[in-house]
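Chemist: quick one: sequence plus predicted model below, questions after.
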Amino acid sequence: MTSRPKISPAHDRKILQGAPTHLRTPSSDSLTGDGFITTAVNWDDTRTQINWYRDAGGTGTVVVNTIPLLPGAEISETAFVEAALDGLERSRALGADETHIVLNLRPLTADEQVELLEALAARL
């Protein structure tokens, strides 16, 4: 029989005894976070989200995930490279500090992903 964690009060938080974590209520000082991560599905929405973060006082790293191979789209090196370069440029224009290229929405093997990324690297 497994034991369940017990919840007990401790100051302004609850501690889960027997669990490696605790629950806390965020203070107003921590609401802006250390950064902002979003996925660019609609670039106008992405711009708005980044502006909200910055307008709220956020000064951390902004990461934009781009999806150069949408489900149902053609999978070719040319299509991928052009879409990835477009995503990188749009992310840069929005002030993103990092851009992550998402490849896991398509059934690609690791070797196929490497081929696409090598084709992109050749253009950078």
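Modeler: Structure received.

Chemist: so, low pLDDT: which residues of this structure?
Modeler: 1-33 (pLDDT under 70).

Chemist: residue ranges of the strands in the protein, please?
Modeler: 6-10, 13-17, 22-23, 35-40, 61-66, 98-101 (DSSP state E).

Chemist: list the helices and strands the last one packs on?
Modeler: What it means is strand 98-101. strand 61-66, helix 77-93 (3 or more C-beta pairs under 8 Å, 6 or more residues apart in numbering; DSSP states H and E). Glycine gets a C-beta too; all of them are placed from N, C-alpha and C.

Chemist: the longest one: which residues count as buried?
Modeler: By 16 or more other C-beta atoms under 10 Å, the buried positions in helix 77-93 come out as 80, 81, 83, 84, 87, 88, 90, 91.

Chemist: now it, how far from the centre of its chain.
Modeler: Here the centre of helix 77-93 is set off from its chain's centre by 17 Å, with C-alpha atoms, centre = their mean, to the nearest Å.
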